[in-house]
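A.B. asks: I'd like to go over a predicted model; first the sequence, then the structure.
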Amino acid sequence: MHVLNEYLTAMTDIIMKHQGVVDKYIGDAIMAFWGAPLSQPDHAKLACSTSLDMIKELAVLRERWKKEGFPEIRIGIGLNTGNAVIGNMGSYERFDNTAMGDTINLGSRLEGLTKQYGAEIIISEFTQKEIKNSFVTRKLDLVAVKGKKKPIFIYELVCRKEEITKKQKEKIESYEKGLELYLKRKFTEAIKEFKKTDDFAAKEFIERCKEFKNSPPPKDWTGVWVMKKK
C-alpha cells in the first residue's frame, strides 16, 4: 500500500500539473482526461507531456524503491483523442463525473497493447495527428483492436522533438521502413530493417515475417493485425 500510494500520488501530481482531470483510480491504474469541463485547444499535447513526465518520474521512484527492497514497477500508457460523453454518471444517490464512449474505450485498448509491443506509451493515429509537430513518434503497427473492425495505425510516443537523439532517430527510421516493407508483403527485406532496430516490437515483427514467409497470407491480406484480447 505504501508503494502504490506513493506511486499514485506522484503520477496524480503530474497529471494535475499539466491541467488534466483525474477521473478515477481503477486498482493500480489511473484514468485521466483533458478538454473538459473547460476547453483546452492543446489537450493532446498536454496529455503527451504528462505521459512522458510520468515515465521519467517513475524511473526516479524505481531507483529509490530498489534500494528500499521493493520490486520493480513498470507501467503502460494509452492515449486517444476524440469526442466523448462527459458528465455525472450513476444513480440519483451516488454518481461520478466521468468520461464515456468509443474514444475512451480505444484509449483503454491502447494501454493494453503496451505489453505486446514493449512500448511504455502508445497513442492512436488521431492523437498522433494532433501532436506530430511537437513530439517524436514511431509508427508501430496497423491494428484492429478487440471489438472493432476498422483498423487504425498505432504509434509509440518516444519523446519531445528537442530530446531526440541520433541513435533513436536511426532506429525509428529502420523500424518504420521495416513496417512499410512488411505491409507490402516484402518479408525478407522487412526482417533486415527490423534487425537494425533490435527491440521488443522489432523482434515481434521478425517472428511474424518468418511465419508469413513459411505460410504466406491470403491475397486479400491488408497487413491488419487483429487483436483477440483487450
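C.D. replies: Thanks, I have it.

A.B. asks: Tell me how far the closest residue to A202 other than its chain neighbours lies from G118.
C.D. replies: Nearest residue to A202, sequence neighbours excluded (Cβ to Cβ, 6 or more residues apart in numbering): F194, at 4.1 Å. For glycine as for every other residue, the C-beta is placed from the backbone atoms N, C-alpha and C. Distance of F194 to G118, computed by Cβ to Cβ, to the nearest Å: 13 Å.

A.B. asks: higher neighbour count, those two?
C.D. replies: F194 (26 against 15; other Cβ atoms under 10 Å).

A.B. asks: so the more buried one is in which element?
C.D. replies: helix 187-197 (DSSP states H and E).

A.B. asks: Same question for that helix: list its buried residues.
C.D. replies: Neighbour counts using 16 or more other Cβ atoms under 10 Å place 187, 190-191, 193-194, 197 of helix 187-197 among the buried residues.

A.B. asks: can you list contacts of that helix?
C.D. replies: 170-171, 174-175, 177-179, 181-182, 202-203, 205-206, 209-210, 212-213 (Cβ atoms under 8 Å, 6 or more residues apart in numbering).

A.B. asks: In this model A44 seems to touch T127, though I could be wrong.
C.D. replies: Yes: here T127 reaches A44: they are 5.3 Å apart, a contact under Cβ atoms under 8 Å.

A.B. asks: higher neighbour count, those two?
C.D. replies: It is T127, of T127 and A44, that has more neighbours when counted by other Cβ under 10 Å, with 27 against 24.

A.B. asks: Identify the residues contacting the more buried one.
C.D. replies: Listed by Cβ under 8 Å, 6+ apart, the contact partners of T127 are 44, 47-48, 79-81, 155.

A.B. asks: Not counting its neighbours along the chain, what's nearest it?
C.D. replies: T127 sits nearest to T81 (Cβ to Cβ, 6+ apart), 4.3 Å away.

A.B. asks: element containing that neighbour, please.
C.D. replies: Per DSSP H and E, there is no helix or strand for T81.

A.B. asks: and the closest residue to L58 other than its chain neighbours, how many neighbours does it have?
C.D. replies: Once flanking residues are discounted, L58 sits nearest to I75: 6.3 Å by Cβ to Cβ, 6+ apart. If you count neighbours by other Cβ under 10 Å, I75 ends up with 17.

A.B. asks: I'd assumed K56 was in contact with I75.
C.D. replies: No: counting by Cβ under 8 Å, K56 is not a contact partner of I75; they are 11.9 Å apart.

A.B. asks: just to revisit the earlier point, now do the residue nearest to T127 against E163, distance only.
C.D. replies: For T81, the distance to E163 - Cβ to Cβ - is 22 Å.

A.B. asks: Domains in this protein, by residue range?
C.D. replies: The record's domain split for the chain, according to automatic domain parsing, is 2-160, 165-219.

A.B. asks: where does the residue nearest to L58 land in three-state SS?
C.D. replies: coil (DSSP: H, G, I helix; E, B strand; the rest coil).

A.B. asks: A99 too?
C.D. replies: strand.

A.B. asks: T222 now?
C.D. replies: With three-state DSSP as the criterion, T222 reads coil.

A.B. asks: Could you report the neighbour count for I123?
C.D. replies: Neighbours around I123, by other Cβ under 10 Å: 29.

A.B. asks: That one belongs to a strand?
C.D. replies: Yes: using three-state DSSP, the secondary structure at I123 is a strand.

A.B. asks: Now do K210 against G35, distance only.
C.D. replies: Distance from K210 to G35, by Cβ to Cβ: 43 Å.

A.B. asks: Which one of those two is surrounded by more residues?
C.D. replies: G35 (22 against 13).
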